[in-house]
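K.L.:
quick one, structure for this:
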Amino acid sequence: MRTPGKTAVILCTCSGIISEKLDWAQVQLALASHWTQPLFRIDELACGADNLTALGQWLQAEQPDRVVVAACSPREHEKTFRGLMQDAGLNPWFMQLVNVREQAAWVTDTPAHTAQKVVRLLSAALERVWLQEPLEERRMPVRTEVAIIGAGPAGMQAALTLARAGRKVTLIEREPFIGGLPVRFEELFPNLECGPCLLEPVMADLLHGTESEHMKLLTLASVTEVKGSFGNWILTVKQRPRFVTDACIGCMMCALPCPAKRPNGWNVAGELSAVDVAFMGSLPNLPFVDERTCLKLQGEPCDACLSECPVPGAFDFDDAGRELIIEAGAIILATGAVELEGLPVPFSGLENVVPAYAFERLLSMNGPTGGELLKHDGSKPQSLAIVQCAGSLDGEVAYCSGTCCKAALKYAHIAAVKEEGLTVTRLVRDMVVPGVEAAQLLRQDHAQVVRYGGMKDLGVEVNPNGRWITLPGETRVPADLIVLCRPIVPSQGTTAASLLFELDTNGAGFIAPLHTLSGSCTSPLKGVYLAGACRGPGDIREAFATGTAAAGFALSDLVEGRDLVVDPQVAVVDPEACSGCRTCVPVCPYQAISWKPEEKVAEVADFLCRGCGTCVAACPSGAITGQGFSRDMLRAELGGALS
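P.N.:
Residues are numbered from 1 along each chain as shown. Below is the predicted model:
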């Protein structure tokens, strides 16, 4: 038989928000005879500072055995009321918070229905709270190291900001070089500054500056597994082999004699040797070997690079790559965005039609033509057409990338300056040019502007006299060379990160922040921050700003000496009941469960467990219990709600 005890029930009116739909006197009357002998107290705003003080004094005076609080969402104030219990000298885990605001007052149609529902909710809580057990929080030191995925401008800026504060940083980049996309852009909007020149001091500090002692750079690396939570993340990183060691001096004597060639994807034209750099000026200044192209790695006899290399030990053809375990307190995702691949109708399959990124490389001095504006056959164009929104807003992508208009203005200016007499036409569907100093280039008239409604309105006409883009109304735009400003979409790394961390994405596939206005650099997953274009299309100014912001969040959250509190509401395994089936190990979404072969039982790491209950439901032996959510508690809660 259940022994009754003193149960304090705090009823909050939420400054009238709850009480305008609910008569607390009616609820008290309905529960007055409950076996738990509830002691009621109505409070105008239980979470208010003055009210909390008064509540604490009341609890100290009454010394109840259990407490039920009828107020708002546990997400908002469960910690508040647990703290109230602790300050009053009571065990904080003997408190149950009932969300009568969102679950009753805001969603029921009449006061009578509200009262009926609240009585059931409180009855459930009163039954459950007497089965709750005292739990104890465990504290462990928080890790202050930070892992950053992506070494573009946002990732590099975040890394430097953290390193300057003395934090250890691991920078993980899937490409063989750092700098992201802007390091391959010779001129940046709006002041036509040199991209590599702008980024070179940042990259130099990262690689060789005083801050570099706090940083570890991993190129050709990808995160394959992540587990843990804020303050204690564990990342598994797979680093592909470069086959070139740190002894290399970057003289590039190896690339010229190499007989094996491959397409240069970074330049969107031309070739690279099997051992080469992606483009001249890329950093780190080390070549890398493409194992799919290299004759030696394919088992054929070839020592062309070794015979020319002046540094012994610069090559390691036995390198098999490695798998690393990185431990960090926080993670910054700076995985970026890319241009949508492919060409839309009516431009697919035509020569001298290039997307924006390919045109960037065509204009660059270290690009495939040495910076000359050339057509496919090597001749100079007489006319250039720049088509904006080429695939945006009308089928392929239903959003505006926000950066393409800036690029189109830049292309028109640079092309007109490079080739005197070149006819430049911008085909404009809409114009979006926000940002400081953006109007400076916008006012420069380097192109005729023709408006069009969408890709369906455009055609391509070719005859012996030349080629034109055609629009309705017999409008013809000369176009020896056509540049298509394609939509900006999530990079492969951004998509992989969203899946790996189980983060929601927006309609465009970019990682959704905690809040688009007030939390645009934080994710809903505590300890994971967002920087740069993984959040959505943005320019280099935004990349630097969000990189600094994400680093700031990590610095303020990961304070040296501050302990990480491990929530005791985790899964625990009863070794006596565990059958050793290991069903729980693969179903855990946080990789918190490991198998102990010596004892033949499963074990839960409390600092990794998030208390989701997946393993509890999956265990066929009933050997796993969710602390704070035992089967008996849940049955009692259901019984109270249905009685």
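K.L.:
tell me which helix or strand Gly228 sits in.
P.N.:
Element membership for Gly228 (DSSP states H and E) is strand 221-229.
K.L.:
domain assignment for this structure?
P.N.:
When the chain is parsed with automatic domain parsing, its domains come out as 7-135, 146-240+322-337+490-557, 343-486, 567-627.
K.L.:
hey, which of those domains is tucked in deepest?
P.N.:
domain 146-240+322-337+490-557 (a mean of 21; mean count of other C-beta atoms under 10 Å). No exception for glycine: its C-beta is placed from N, CA and C like everyone else's.
K.L.:
which residues touch Val169?
P.N.:
By C-beta atoms under 8 Å, 6 or more residues apart in numbering, the contact set of Val169 is 145-148, 159, 162-163, 214-216.
K.L.:
the residues you listed in strands, which ones?
P.N.:
If you go by DSSP state E, the contacts of Val169 have 146-148, 215-216 in strands.
K.L.:
on that earlier part again, of the domains of the chain, which shows the lowest average pLDDT?
P.N.:
With a mean of 87, domain 343-486 has the lowest mean pLDDT of the domains of the chain.
K.L.:
which stretches in the stretch 501-643 of the chain count as strands?
P.N.:
Remark: strands assigned in the stretch 501-643 of the chain by DSSP state E, counting those that start in this stretch are 528-530, 563-566, 571-573, 593-596, 601-604, 624-626.
K.L.:
so which elements touch the fifth one?
P.N.:
When contacts are defined as 3 or more C-beta pairs under 8 Å, 6 or more residues apart in numbering; DSSP states H and E, strand 601-604 sits against strand 571-573, strand 593-596.
K.L.:
Serialize those to JSON lines and add fields for distance to Leu555.
P.N.:
Listed next are those as JSON lines, based on distance: least, C-beta to C-beta, whole Å:
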{"stretch": "strand 571-573", "distance to Leu555": "32"}
{"stretch": "strand 593-596", "distance to Leu555": "32"}
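K.L.:
nearest to Arg75, out of those strands?
P.N.:
strand 571-573 (21.0 Å; C-beta to C-beta).
K.L.:
any idea how far the closest one is from the chain center?
P.N.:
30 Å (C-alpha atoms, centre = their mean, to the nearest Å).
K.L.:
what's the answer for stretch 355-365, then?
P.N.:
28 Å.
K.L.:
and the strand holding Gly228, what does it pack onto?
P.N.:
Strand 221-229 packs on strand 169-172, strand 232-239, helix 492-500, going by 3+ C-beta pairs under 8 Å, 6+ apart.
K.L.:
pull up the pairing partners for that strand, direction included.
P.N.:
Applying DSSP bridges to the sheet, strand 221-229 is found paired with strand 232-239 (antiparallel).
K.L.:
returning to what we had before: to Pro263, which of the helices and strands packed on strand 601-604 lies closest?
P.N.:
Between the helices and strands packed on strand 601-604, strand 593-596 lies closest to Pro263; by C-beta to C-beta that is 44.8 Å.
K.L.:
which other residues reach the closest one?
P.N.:
With contacts defined as C-beta under 8 Å, 6+ apart, strand 593-596 is touched by 571, 582, 584-585, 602-605, 615.
K.L.:
distance to Leu256 added to the domains of the chain, as a markdown table?
P.N.:
Shown next, in a markdown table, are the domains of the chain (distance: least, C-beta to C-beta, whole Å):
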| stretch | distance to Leu256 |
| --- | --- |
| domain 7-135 | 63 |
| domain 146-240+322-337+490-557 | 19 |
| domain 343-486 | 17 |
| domain 567-627 | 47 |
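K.L.:
how about these, which one is nearest Val311?
P.N.:
The closest of the domains of the chain to Val311 is domain 146-240+322-337+490-557. By C-beta to C-beta, the value is 18.8 Å.
K.L.:
where do the helices of the stretch 501-643 of the chain begin and end?
P.N.:
Along the stretch 501-643 of the chain, counting by DSSP state H, counting those that start in this stretch, helices occupy 540-557, 584-587, 614-618, 631-642.
K.L.:
so which of those gets nearest Pro92?
P.N.:
Pro92 lies closest to helix 631-642 among the helices of the stretch 501-643 of the chain, at 16.1 Å (C-beta to C-beta).
K.L.:
and the closest one, what does it pack onto?
P.N.:
Packing partners of helix 631-642 (3+ C-beta pairs under 8 Å, 6+ apart): helix 111-129.
K.L.:
distance from the helix it packs on to the middle of the chain?
P.N.:
That offset, for helix 111-129, works out to 40 Å (C-alpha atoms, centre = their mean).
K.L.:
for stretch 583-590, same thing?
P.N.:
23 Å.
K.L.:
what's next to it, contact-wise?
P.N.:
The list of residues contacting stretch 583-590 from outside it, by C-beta under 8 Å, 6+ apart, reads 227-229, 502, 573, 593-595, 602, 608-610, 612, 614-615, 618-620, 624.
K.L.:
same deal with stretch 14-32?
P.N.:
Residues contacting stretch 14-32 (C-beta under 8 Å, 6+ apart): 9, 11-13, 38, 40, 42, 44-45, 71-72, 100-101, 104-106, 108, 111, 114-115, 118-119, 122-123, 126.
K.L.:
what is the end-to-end distance of that stretch?
P.N.:
22 Å (C-alpha to C-alpha, to the nearest Å).
K.L.:
Ile325 against Thr236, yeah?
P.N.:
Yes: under the criterion of C-beta atoms under 8 Å, Ile325 makes contact with Thr236 at 6.1 Å.
K.L.:
before we move on, back to that, the strands of the stretch 501-643 of the chain into a markdown table, with extra columns for distance to Ala278?
P.N.:
Output for those, formatted as a markdown table (distance: least, C-beta to C-beta, whole Å):
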| stretch | distance to Ala278 |
| --- | --- |
| strand 528-530 | 26 |
| strand 563-566 | 40 |
| strand 571-573 | 47 |
| strand 593-596 | 40 |
| strand 601-604 | 45 |
| strand 624-626 | 50 |
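K.L.:
Gly89: which of those strands is closest?
P.N.:
strand 563-566 (19.7 Å).
K.L.:
which positions in the closest one come out as buried?
P.N.:
564, 566 (16 or more other C-beta atoms under 10 Å).
K.L.:
tell me how far that strand lies from the chain's centre.
P.N.:
Computed by C-alpha atoms, centre = their mean, the separation of strand 563-566 from the middle of its chain amounts to 24 Å.
K.L.:
show the secondary-structure elements that it is packed against.
P.N.:
The elements that strand 563-566 packs onto, with contact taken as 3+ C-beta pairs under 8 Å, 6+ apart, are strand 138-141.
K.L.:
chain center to the strand it packs on: distance?
P.N.:
27 Å.
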